[in-house]
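Peer 1: Show me how the following folds:
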Amino acid sequence: MIEGSYDAVKDHLDRLITSVQRELDAETEALGRLERHDVRSLLSNLIVADLVLANVLLGLVVPEYGIYWITASFFLYVINPFLLLIPSAGAGSVGSSPGAGTRITERLGEIGLADHRWLIARIFWNSFFINSQPLAPAFLAVYGLNIVFALLGDFGLLGWLIVFQSAAIMLFYLAIAAFRPYTGGFLESLIGIQNEVYQKIHRHVEPLWKVVLPIGIAAGFVALVLIAAMLMPGFTLGVIWNSRATVTGLGFIPVLFILVCQVVLVRYAQGESSRRLARQLRERKVSTLKKYVQNPLLECRKAIDPAAPSSLDQYACAYSDIRATFFSSRVYRVQAQDLAGSLPIWVVVPDLDMLLNPETIRILDERPDSRQIL
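Peer 2: A predicted model of the protein is given here:
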């Protein structure tokens, strides 16, 4: 091995170390901005307190307040995903990659989307559930009140539909907060259950019905909650709208006022929860980059020596793991979004420039066990 080969490897390592340090500096700077950006400003606290007080007073003087709140809550559930599509006025993105999503149409064909569909599906799965988690505290409060109003009011069968629908939504978000289905631990637990079931069936440890029946019941319950939480709110809203004339016509004015209040209160709670989550993700990314990328690269840089020919082989073996970990840490980016310059929330979105790079997606698909920041 000639001396120039070792010099080329050292230069390559120096460029990698510089790139990782640049990423670490950007994350550290973003963490500092997150620490300084407190959504619980004095003005926000006053607005939230006023809205809560206004709803308490409205509930004391308006006999139909319960149905107004319930109707507004299902409107909220329907429109909440679309609030993410409103362009931010000033918050912009936190640590976003410049040019993300450019030339998407051309690059989709380059990466062979079908060949990596499960990896891409898993990335978007993770993004959906991690962004749903900060909604859990607010939605538990909103739909918990739905159940209280439905049980105390005279709604007949409609009341039980409201209770069922609200309970399904609460269970859905409780499950996300408890099980965190975007984490590697959740997927590993599913694989563990699958292996255990496989062993029990094929080794005849237990009768088949004792293995299949609990799984069938659990799967049916999960499917019922998913359908009720994700597909039925629009149906329930339609039933309320058609059966309760008090929420139509001029009755929609208090519904609209309460809906605006719910949007503000939910965004306020979501903003603080998502800020904490964004901080945790960035801290985990910094820790992962230092421990599994930067430090191994520095060790490789010191170990490369023409007097030790095996040092290049050791570097080659370690490089694939280091590279996969580095790419995995950059799959997601944290983006801040606000409403008219206020009520900021932080969302975790896939970095399209990473996903639409053929080399990156191939490496990530080959090393699905590389360390994640989620």
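Peer 1: what sits against the closest residue to Ile67 other than its chain neighbours?
Peer 2: Once flanking residues are discounted, Ile67 sits nearest to Arg244: 5.6 Å by Cβ to Cβ, 6 or more residues apart in numbering. (Each C-beta comes from the backbone N, C-alpha and C, glycine too.) When contacts are counted by Cβ atoms under 8 Å, 6 or more residues apart in numbering, Arg244 touches 67, 71, 158.
Peer 1: and those, which are buried?
Peer 2: With burial judged by 16 or more other Cβ atoms under 10 Å, the buried subset of the contacts of Arg244 is 67, 71, 158.
Peer 1: Among those residues, which lie within helices?
Peer 2: The helices, defined by DSSP state H, take in 67, 71, 158 from the buried ones among the contacts of Arg244.
Peer 1: pLDDT score assigned to the first one?
Peer 2: Turning to Ile67, the model gives it a pLDDT of 95.
Peer 1: And for Val61?
Peer 2: 94.
Peer 1: What of Trp125?
Peer 2: Trp125 is given a pLDDT of 87.
Peer 1: Could you find the closest non-adjacent residue to Ile123?
Peer 2: Pro350 (5.1 Å).
Peer 1: Show me the beta-bridge partners of the one you found.
Peer 2: Tyr332 (DSSP bridges).
Peer 1: what's the neighbour count on it?
Peer 2: Residues near Pro350, counting by other Cβ atoms under 10 Å, number 18.
Peer 1: same thing with Ala228?
Peer 2: 20.
Peer 1: now it, what's its secondary structure?
Peer 2: helix (DSSP: H, G, I helix; E, B strand; the rest coil).
Peer 1: do the same with Phe155
Peer 2: coil.
Peer 1: Rebuild the buried ones among the contacts of Arg244 as CSV, extending it with distance to Leu224.
Peer 2: As requested, the buried ones among the contacts of Arg244 are exported to CSV (distance: Cβ to Cβ, whole Å):
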residue, distance to Leu224
Ile67, 26
Thr71, 24
Leu158, 20
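Peer 1: what about the stretch 101-250 of the chain, any weak spots by pLDDT?
Peer 2: Within the stretch 101-250 of the chain, the segments meeting pLDDT under 70 span 101-114, 184-212, 215.
Peer 1: For it, which segments count as helices?
Peer 2: 104-111, 117-132, 136-152, 157-179, 184-202, 208-230, 233-243 (DSSP state H, counting those that start in this stretch).
Peer 1: mind checking which of those helices is nearest Gln262?
Peer 2: helix 136-152 (6.2 Å; Cβ to Cβ).
Peer 1: Quick one: list the elements packing against that closest one.
Peer 2: On a contact count with 3 or more Cβ pairs under 8 Å, 6 or more residues apart in numbering; DSSP states H and E, helix 136-152 meets helix 65-83, helix 157-179, helix 252-289.
Peer 1: can you rerun that using 10 Å?
Peer 2: Packing partners of helix 136-152 (3 or more Cβ pairs under 10 Å, 6 or more residues apart in numbering; DSSP states H and E): helix 42-61, helix 65-83, helix 157-179, helix 252-289.
Peer 1: Just the CA atoms of the strand or helix carrying Met354, as CSV, please.
Peer 2: Per DSSP states H and E: Met354 is located in helix 352-355. Extracted in CSV, the C-alpha atoms of helix 352-355 (Å, rounded to 0.1, in the frame of the first residue of the first chain):
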residue,chain,number,x,y,z
LEU,A,352,-37.1,14.8,1.4
ASP,A,353,-33.6,15.5,0.1
MET,A,354,-32.3,12.5,2.1
LEU,A,355,-35.2,10.2,1.1
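Peer 1: So what's the gap between it and the chain middle?
Peer 2: 17 Å (Cα atoms, centre = their mean, to the nearest Å).
Peer 1: Could you number the chain from 302 rather than 1 from now on?
Peer 2: Yes, from this point I'll number from 302; that puts the last item at helix 653-656.
Peer 1: got the CA coordinates for the helix or strand following it in PDB?
Peer 2: With elements assigned by DSSP H and E, the helix or strand that comes after helix 653-656 is helix 659-667. The C-alpha coordinates for helix 659-667 follow below in PDB (Å, rounded to 0.1, in the frame of the first residue of the first chain):
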ATOM      1  CA  PRO A 659     -30.700   7.000  -4.300                       C
ATOM      2  CA  GLU A 660     -27.500   6.300  -2.500                       C
ATOM      3  CA  THR A 661     -28.900   7.300   0.900                       C
ATOM      4  CA  ILE A 662     -32.100   5.300   0.600                       C
ATOM      5  CA  ARG A 663     -30.100   2.300  -0.400                       C
ATOM      6  CA  ILE A 664     -27.800   2.500   2.600                       C
ATOM      7  CA  LEU A 665     -30.700   3.100   5.000                       C
ATOM      8  CA  ASP A 666     -32.600   0.100   3.600                       C
ATOM      9  CA  GLU A 667     -29.500  -2.200   3.800                       C
END
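Peer 1: so what secondary structure elements neighbour helix 659-667?
Peer 2: helix 405-412, helix 418-433, helix 611-630, helix 653-656.
Peer 1: which residue packs closest to Gln322, ignoring adjacent ones?
Peer 2: Per Cβ to Cβ, 6+ apart, closest to Gln322 is Gln595, 7.1 Å.
Peer 1: typed the wrong thing, it's Arg624
Peer 2: Ile664 (6.5 Å).
Peer 1: mind listing what that neighbour touches?
Peer 2: 621, 624-625, 627-629, 658, 671 (Cβ atoms under 10 Å, 6 or more residues apart in numbering).
Peer 1: same deal with Gly360?
Peer 2: Contacts of Gly360 by Cβ under 10 Å, 6+ apart are 366-367, 369-370, 446, 450, 559.
Peer 1: Save those residues as a markdown table, and put in neighbour count too.
Peer 2: Formatted as a markdown table, the contacts of Gly360 follow (neighbours: other Cβ atoms under 10 Å):
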| residue | neighbour count |
| --- | --- |
| Tyr366 | 19 |
| Gly367 | 22 |
| Tyr369 | 26 |
| Trp370 | 23 |
| Leu446 | 18 |
| Phe450 | 22 |
| Ile559 | 25 |
